[in-house]
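S.K.: Return a 3D structure for these sequence lines:
(4 chains)
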2 protein chains.
Amino acid sequence: MTAPSDDAPPRRAGRPRADARSVSGDPTDEILAAASRLIGELGVGGTPMSRIAQEVGLKQSSLYYYFRRKEEILAALVARANVVPLELLAAISADGDAPAVQLYRFVRADAVALCALPFDINDIHRIAMRDPVEFASYWKERASLERQLATIVRRGTAEGSLRKVDARLTALTLLANDEGAQNWFRLGSKWSTAAIGGHLAELAVAGLLVDPADLATTRRRADELDART
Amino acid sequence: MTAPSDDAPPRRAGRPRADARSVSGDPTDEILAAASRLIGELGVGGTPMSRIAQEVGLKQSSLYYYFRRKEEILAALVARANVVPLELLAAISADGDAPAVQLYRFVRADAVALCALPFDINDIHRIAMRDPVEFASYWKERASLERQLATIVRRGTAEGSLRKVDARLTALTLLANDEGAQNWFRLGSKWSTAAIGGHLAELAVAGLLVDPADLATTRRRADELDART
DNA sequence: CCACTGTTTCGATGGGGCATCGAAACAGGC
DNA sequence: GCCTGTTTCGATGCCCCATCGAAACAGTGG
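M.R.: Next comes the predicted model:
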């Protein structure tokens, strides 16, 4: 996914696996895929390395040839998870519409993206907080996200379309809302991700707009831009 | 806290502790206090039973005389944490003001209460989700909370003061927002709990009100009611 | 005063997860 | 056919959770 380049490293053969199945692709990717799925079902704490190894046809200790520690697997997972909202924000910023429209689009798409994740982002957040080294790039990217969002909010208040709120606090709150939603809606909720995203965006933007009459036009404009695909 | 009655059970003496310190109060309470503090610092996963035992002057295995499993300690902690918002909602409902005012008061106070918790409520949520038996009463109380909140929202939309939103989805979102906020603001944030609670309440209510001109009066009325103490 | 009983605590132990280490088992080049 | 680098394994050590049987006390009744 991240590296479409087929510059596969030599991949010389080593000791054959005990479970003599064919090695389909890059073991690293297979491990990440298995880990993602298992952690989604069982949670981080409920997913032992031995289970992941079993899933890809390796013994437990063999995983440590590809990842030094369990957290390194988690870091790789969230790294991919962070790319989406960042690209999202870049695209939205490039379109350069009214702040309210940008926020609406971001909140909605971010919530949808988060709810579509196979695992619980907050679960990994918790571990990442205790390990700033391993997750350094994650936190850096997240800080960037927060700053960019705050900038949009600040522009909105400056031009008078948004209520006078603390931009940084608001940015953090918006992100926290999306993440909080994922917590509750990831698994079989009665609502679709689209419904949830729309609801969150609506609530957030309506809460920020000075004139709520702008809500309808904001939504329409956001729909229009997002519909281009 | 929960039982102000001083009907202390006999507390006959048993084998003396290796660490021969005086046993101040009910060991159960001491254990919960220590666990709460440690888990707040180190997280659930980072707090071994041995550390809790050490804190109260017991050996690891002795903890199991008071709690069968680690989760039982967590359940006891969240049980106390759930009482606050329920009583809050009861009090607010008893006052019986406009839906917007009730929501404002609840969101603000709930956020403040959550941020004041010594441990990470989401961390325990995650474990509680995997153990519906041990945390049965917790989930029951939470469902009640959700239902009551939804009722308030429904009243608001019915009488026309609030926008037409899905009441249940909105209720869950409000709770999720508070919890998401606790996630980010519990530890040394640059904002006070009061600022965070106010911000969340403001954002939520503004997002729900049909006429945002009501926001100021809603806030004033909420302040007035909460000031009675 | 002494056994007996119930309460509280301990030590030992088993099971399981994470991580490390040295060696085994291969493919390919010389 | 031997040497080298790659990949995998098994054994091991440490930590954590939980259980079990026994130890160490305070009271009570004789």
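S.K.: residue contacts, the residue most central in space within chain A?
M.R.: Geometric centre of chain A, nearest residue: A:Ala81, 3.6 Å, by Cα atoms, centre = their mean. The contact partners of A:Ala81, by Cβ atoms under 8 Å, 6 or more residues apart in numbering or on different chains, come to A:117, A:121. No exception for glycine: its C-beta is placed from N, CA and C like everyone else's.
S.K.: okay, the residue in chain A positioned nearest to DNA strand D: pLDDT?
M.R.: Closest residue of chain A to DNA strand D, Cβ to the nearest atom of the strand: A:Gly14 (1.9 Å). For A:Gly14, the model assigns a pLDDT of 86.
S.K.: That one: which element?
M.R.: Using DSSP states H and E, A:Gly14 sits in no helix or strand.
S.K.: What does it show for phi and psi?
M.R.: phi -120, psi -150 (degrees, to the nearest 10).
S.K.: count of residues packed around it?
M.R.: 7 (other Cβ atoms under 10 Å in any protein chain shown).
S.K.: distance of it from A:Leu88?
M.R.: Remark: distance between A:Gly14 and A:Leu88 (Cβ to Cβ, to the nearest Å) = 40 Å.
S.K.: so how many other residues sit close to the spatially closest residue to A:Leu225 that is not a sequence neighbour?
M.R.: Nearest non-adjacent residue to A:Leu225, counting by Cβ to Cβ, 6 or more residues apart in numbering or on different chains: A:Asp95, 6.0 Å away. Residues lying near A:Asp95 (other Cβ under 10 Å) number 13.
S.K.: quick one: A:Asp95 from chain B, how far?
M.R.: Going from A:Asp95 to chain B by Cβ to the nearest Cβ, to the nearest Å gives 24 Å.
S.K.: what's the answer for A:Arg130, then?
M.R.: For A:Arg130, the distance to chain B - Cβ to the nearest Cβ - is 6 Å.
S.K.: buried stuff in the helix or strand where A:Ala158 lies?
M.R.: Secondary structure assigned from DSSP H and E places A:Ala158 in helix A:136-159. Within helix A:136-159, the residues scored as buried using 16 or more other Cβ atoms under 10 Å in any protein chain shown are A:138, A:141-142, A:145, A:148-150, A:152-154, A:156-157.
S.K.: quick one: average pLDDT of it?
M.R.: 95.
S.K.: Please report how far the closest residue to A:Leu175 other than its chain neighbours lies from A:Pro132.
M.R.: Take A:Leu175 and drop its neighbours on the chain: the residue closest to it by Cβ to Cβ, 6+ apart is A:Glu146, 6.5 Å away. According to Cβ to Cβ, A:Glu146 and A:Pro132 sit 16 Å apart.
S.K.: you'd agree A:Gln102 is in a helix?
M.R.: Yes: counting by DSSP: H, G, I helix; E, B strand; the rest coil, A:Gln102 is located in a helix.
S.K.: Which elements pack onto the next helix or strand after the helix holding A:Ala158?
M.R.: Moving toward the C-terminus from helix A:136-159, the next helix or strand (DSSP H and E) is helix A:167-185. With contacts defined as 3 or more Cβ pairs under 8 Å, 6 or more residues apart in numbering or on different chains; DSSP states H and E, the packing partners of helix A:167-185 are helix A:99-116, helix A:121-129, helix A:136-159, helix A:193-208, helix B:167-185, helix B:193-208.
S.K.: out of the ones you listed, which comes closest to A:Phe67?
M.R.: For those, the distance to A:Phe67 is smallest for helix A:121-129, at 14.3 Å, taking Cβ to Cβ.
S.K.: May I see the buried residues of the closest one?
M.R.: Buried residues in helix A:121-129 (16+ other Cβ under 10 Å): A:121-128.
S.K.: how about that helix, does it reach DNA strand C?
M.R.: No: shown here: helix A:121-129 not in contact with DNA strand C (Cβ under 7 Å from any atom of the strand), separated by at least 10.7 Å.
S.K.: Centre of the chain to that helix, how far?
M.R.: 12 Å (Cα atoms, centre = their mean, to the nearest Å).
S.K.: now what about that helix, what contacts it?
M.R.: By Cβ under 8 Å, 6+ apart, helix A:121-129 touches A:39, A:43-44, A:71, A:74-75, A:77-78, A:81, A:114, A:134-135, A:138-139, A:179-180, A:182-183, B:43, B:45, B:120, B:122-123, B:126, B:183.
S.K.: what angle sits between the helix holding A:Ala158 and helix A:167-185?
M.R.: 120 degrees (axes from the mean of the first three to the mean of the last three Cα atoms, to 10 degrees).
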